[in-house]
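A.B. asks: Sequence and predicted structure are below.
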Amino acid sequence: MYDVFIAEVKFIFDNLAVNEETIRWTARRADAAGHAR
């Protein structure tokens, strides 16, 4: 039971890390597009 909880938390944190990376990448893309104009 406890192991499942740990796995869930780790899964959520992994997803948060991925989302943060995606947001950073998107922000860079938007910034580059802004400079191109």
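C.D. replies: Sure thing, it's come through. It should be emphasised that the depicted structure is a prediction, and the values quoted were computed from it without experimental measurement.

A.B. asks: switch to C-alpha atoms for all contacts and neighbour counts from now on
C.D. replies: Fine.

A.B. asks: show me where pLDDT drops low in this structure?
C.D. replies: Counting by pLDDT under 70, the low-confidence segments of the chain come to 37.

A.B. asks: can you give me the helices for it?
C.D. replies: 2-36 (DSSP state H).

A.B. asks: Residue nearest the middle of it, spatially speaking?
C.D. replies: The centre of the chain sits closest to Asn19, judged by CA atoms, centre = their mean, with a distance of 1.6 Å.

A.B. asks: Quick check: that one vs Ile12, distance?
C.D. replies: Between Asn19 and Ile12 the distance is 10 Å, computed by CA to CA, to the nearest Å.

A.B. asks: ditto for Asp3
C.D. replies: Note on Asp3: its distance to Ile12, by CA to CA, is 14 Å.

A.B. asks: between those two, which one's more packed in?
C.D. replies: Summary of the neighbour comparison: Asp3 and Ile12, criterion other CA atoms under 10 Å, with Ile12 having more neighbours (12 against 8).
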